[in-house]
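# Predicted coordinates and the sequence they were generated for:
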Amino acid sequence: MVETRLIDGKAFAEGLRGRIATEVAAFEAATGVKPGLAVVLVGEDPASAVYVRNKGKQTLEAGMASIEHKLPADTAQDVVLALVRTLNADPTVHGILVQLPLPAHIDAQAVLATIDPAKDVDGFHVVNAGRLAVGLEALVPCTPLGCVLLLKDQLGSLAGLEAVVVGRSNIVGKPLAQLLLREDCTVTIAHSRTRDLADVCRRADILIGAVGRPEMIRGVWIKPGATVIDVGINRVEKPGGGTRLVGDIAFDEAQGIAGAITPVPGGVGPMTIACLLQNTLTAAKRLVDAA
Ligand SMILES: Nc1nc(=O)c2c([nH]1)NC[C@@H]1CN(c3ccc(C(=O)N[C@@H](CCC(=O)O)C(=O)O)cc3)C=[N+]21
Ligand SMILES: [Mg+2]
């Protein structure tokens, strides 16, 4: 039995946001440019509205400008594309985030492809995905970046470790595998069709849940002492009524097995927003250097 450490992503993210705020102030003093983040929200998904509000608040707290565009759910795709082009051309905007998911009548790939890759602070444009894959300077997706920052804080060097990423999405699983490769991990991407998933997970020194299925990864799938990162944010019904958030990992079962684990909430989620602010500052610096 090991004592399982809690990885406090909320506290780490707070510290990171403080360091970013200091850098933003120095950048503005040196260049006269205040980094600006534009967030586009189409429709009224309540969870998305909460995330967008948190992003706006933390952007302002970091000393950056927050530009919010809220469009009705029935907005035509051409209108969204025209807004993105306007933001691409706006010199006060250094980062553009179009909140996903988009309503079904809008082709998300077409919208992402329209964002200037230099302002693509989500790192979802194919140019940034490709640049990450071939090892060029890129804007890197925020959730994977946050996971790697937590892992390096816990473990120091990740070189040679076995990492298993459960989940193959374009926004988490695939870019996270690329980042872990860059850290010299031995990387496996597992998913819903993986055979003997429990055995694959038990190989992992670093186990990452990014499938979006509540508590799917069980305690006995974890190698004793492994570092476990839970990307899942699933809202589930409580037995007595109401809802609560759970991750993709059965958190209670992991106690006494995992060496360390991120909680949900308070783990990866806050790191995602901190990394978004980091990417906005990075984009602003590169845009000013290129001007
Ligand atoms: N273009 C785009 N980029 C995104 O990065 C993006 C997106 N679309 N669509 C939605 C998802 C989700 N997402 C989260 C960000 C922060 C928390 C977060 O801060 N969570 C807190 C609070 C959770 C809660 O209480 O609801 C926590 O885990 O502790 C969660 C989820 C970013 N997303
Ligand atoms: Mg996923």
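Happy to help now that I have it. Ligands and ions are numbered 1, 2, ... in the order given.

# From now on I want contacts and neighbour counts done on CA atoms only, so please keep to that.
Noted.

# for ligand 2, what are the nearby residues on this protein?
Residues of the chain lying near ligand 2 by C-alpha under 5 Å from the ion: 167, 169, 210-211.

# Go again with 6 Å.
For the chain, the contact set with ligand 2 under C-alpha under 6 Å from the ion comprises 167, 169, 172-173, 210-212.

# between those residues, which is closest to ligand 1?
The closest of the residues of the chain next to ligand 2 to ligand 1 turns out to be residue 172 (C-alpha to the nearest ligand atom; 9.8 Å).

# list the contacts for the closest residue in space to that closest one that isn't next to it in sequence?
Leaving aside its chain neighbours, residue 172 sits nearest to residue 144 (5.7 Å; criterion: C-alpha to C-alpha, 6 or more residues apart in numbering). Residues in contact with residue 144 (C-alpha atoms under 8 Å, 6 or more residues apart in numbering) are 172-173, 175-176, 179.

# centre of the chain versus the lowest-mean-pLDDT helix or strand in the chain, how much separation?
Within the chain, no helix or strand scores below helix 46-61, which has a mean of 92 by mean pLDDT, DSSP states H and E. Centre-to-centre, helix 46-61 and its host chain are 14 Å apart (C-alpha atoms, centre = their mean, to the nearest Å).

# Which neighbouring elements make contact with that helix?
The contact analysis (3 or more C-alpha pairs under 8 Å, 6 or more residues apart in numbering; DSSP states H and E) places helix 46-61 against strand 36-42, strand 65-71, helix 268-290.

# any chance you could map the strands in the stretch 151-291 of the chain?
Under the criterion DSSP state E, counting those that start in this stretch, the stretch 151-291 of the chain contains strands at 162-166, 186-190, 206-209, 227-230, 234-237, 243-246, 260-261.

# Likewise for the stretch 1-150 of the chain?
5-6, 36-42, 65-71, 95-98.

# among the ones you listed, which is the most enclosed?
Comparing these on average neighbours per residue, with mean count of other C-alpha atoms under 10 Å, the densest one is strand 95-98 at a mean of 25.

# Dump the helices and strands packed on helix 46-61 into CSV; add mean pLDDT as well.
Below are the helices and strands packed on helix 46-61 laid out as CSV (pLDDT from 0 to 100):
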stretch, mean pLDDT
strand 36-42, 98
strand 65-71, 97
helix 268-290, 98
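
# Run through who's touching stretch 228-246.
143, 147, 206-215, 247-249, 258-265, 267-269.

# Which one, of the strands of the stretch 151-291 of the chain, ends up nearest to ligand 1?
Of all these, strand 243-246 comes closest under C-alpha to the nearest ligand atom, at 7.3 Å.

# Check which strands are paired with that closest one and give the direction for each one.
Partners of strand 243-246 in the sheet, by DSSP bridges, are strand 234-237 (antiparallel).

# I'd like the average pLDDT over the partner strand.
The average of the pLDDT scores along strand 234-237 is 95.

# what does stretch 92-111 give?
Stretch 92-111 comes out at a mean pLDDT of 97.

# Take the helices and strands packed on helix 46-61 and lay them out in TSV including distance to residue 137.
TSV is the format used below for the helices and strands packed on helix 46-61 (distance: least, C-alpha to C-alpha, whole Å):
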stretch	distance to residue 137
strand 36-42	20
strand 65-71	25
helix 268-290	11
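
# For residue 120, find the nearest of these.
Closest to residue 120 of the helices and strands packed on helix 46-61, according to C-alpha to C-alpha: helix 268-290, at 8.2 Å.

# domain assignment for the protein?
34-116, 141-269 (automatic domain parsing).

# what's the most buried one of those?
domain 141-269 (a mean of 19).

# Return the distance of that domain from the chain's centre.
13 Å.

# First-to-last residue distance for it?
13 Å (C-alpha to C-alpha, to the nearest Å).

# CA atoms of stretch 176-193 as CSV?
The C-alpha trace of stretch 176-193 is given here as CSV (Å, rounded to 0.1, in the frame of the first residue of the first chain):
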residue,chain,number,x,y,z
LEU,A,176,-0.7,14.8,-25.6
ALA,A,177,1.0,11.7,-27.2
GLN,A,178,3.1,14.1,-29.3
LEU,A,179,4.1,16.1,-26.3
LEU,A,180,5.0,13.0,-24.3
LEU,A,181,7.1,11.7,-27.2
ARG,A,182,8.9,15.1,-27.2
GLU,A,183,9.7,14.3,-23.5
ASP,A,184,11.2,11.0,-24.5
CYS,A,185,8.4,8.8,-23.0
THR,A,186,7.5,5.5,-24.6
VAL,A,187,3.9,6.3,-25.7
THR,A,188,0.9,4.1,-26.2
ILE,A,189,-2.5,5.6,-27.3
ALA,A,190,-5.3,3.3,-26.2
HIS,A,191,-9.0,3.7,-27.0
SER,A,192,-12.4,2.1,-26.9
ARG,A,193,-11.3,-0.6,-29.4
